[in-house]
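In: prediction below, plus the sequence it came from.
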Amino acid sequence: MTPPRREAITGLVLCGGRGSRMGGVEKALLPWAGSSLAAHAVARLAPQVGPMALNANRDALRYAALGLPIWPDETEDLPGPLAGWQAALRLMSTEWLLTVPCDAPHFPLDLAQRLMAGVQAAATAPLAIAATADGPQPVFALLHRSLAPALAVALARGDRGVARFALAQGAATVHFDDAEAFADADTPDDLARLSRSAR
């Protein structure tokens, strides 16, 4: 596959989760550095991609304030990141999609560049995912739109495993030395810890 230029990549911030370990709140809208986790992720991702959108399923009016298209899951059971990928692959106008979760505020500023290099090195890989010493970080992913049919099949049979799907599709794995860059805020304590190590 031809490695994409930055302008040929849609950036998607994944905000569609349940937030169950945060007490059911809309995690992406929690305060971060004077704005919100979602706004911070948008600002950090924007220089790396072309068009951008949010995958969100609740609080549409509050997300609308960020000025980006909102692409909700196509099902109502909030099955996870794969559903966000599915919505984006069907709605985006570019060949490639780069996704990041809303709750990992330190994700790399060269994420797109590194994942593009991974696709190029693998030659035929339709996607690349990040990995650290802690293992795969598959929601940090660069996907080609040709994966839409396989993704629809996986979701229809109830698959929810992001790493399992990505590796089954022949994902290139790109190693990052800084595991903390991918740390996420699953709980209030996590969020407090990440705030203390803001970069």
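Out: Received, thanks. Residues are numbered from 1 along each chain as shown.
In: hey, where'd the helices end up in the chain?
Out: With DSSP state H, the ranges of helices along the chain come out as 37-45, 60-64, 81-91, 111-122, 148-156, 162-168, 188-196.
In: who's in contact with stretch 155-174?
Out: Outside of stretch 155-174, the residues within contact range by Cβ atoms under 8 Å, 6 or more residues apart in numbering are 75, 79-83, 86, 114-115, 117-119, 121-122, 124-131, 136, 138-139, 141, 147, 150-151, 154. Where C-beta positions appear, they are placed from N, C-alpha and C, glycine not excepted.
In: repeat that for 7 Å
Out: Stretch 155-174 has contacts (Cβ atoms under 7 Å, 6 or more residues apart in numbering) with 79-83, 86, 114-115, 118-119, 121-122, 125-131, 136, 138-139, 141, 147, 150, 154.
In: now do stretch 114-124
Out: Counting by Cβ under 7 Å, 6+ apart, residues outside stretch 114-124 touching it are Met1, Pro3, Pro4, Leu98, Pro108, Ala125, Ala128, Ala130, Leu142, Ala172, Val174.
In: apply 6 Å and report the result again.
Out: Pro3, Ala125, Ala128, Leu142, Ala172, Val174 (Cβ atoms under 6 Å, 6 or more residues apart in numbering).
In: in that stretch, what's buried?
Out: Neighbour counts over stretch 114-124 (16 or more other Cβ atoms under 10 Å) mark Arg114, Leu115, Met116, Gly118, Val119, Ala122 as buried.
In: out of the residues you listed, which comes closest to Ala65?
Out: Leu115 (28.9 Å; Cβ to Cβ).
In: quick one, grab the pLDDT at Glu74.
Out: The score at Glu74 is 87. That number is its pLDDT.
In: meant to ask about Leu127, not that
Out: Note on Leu127: pLDDT of 96.
In: before we move on, the earlier item: cross the contacts of stretch 114-124 against strands and list the overlap.
Out: Of the contacts of stretch 114-124, the ones assigned to strands by DSSP state E are Ala128, Leu142, Ala172, Val174.
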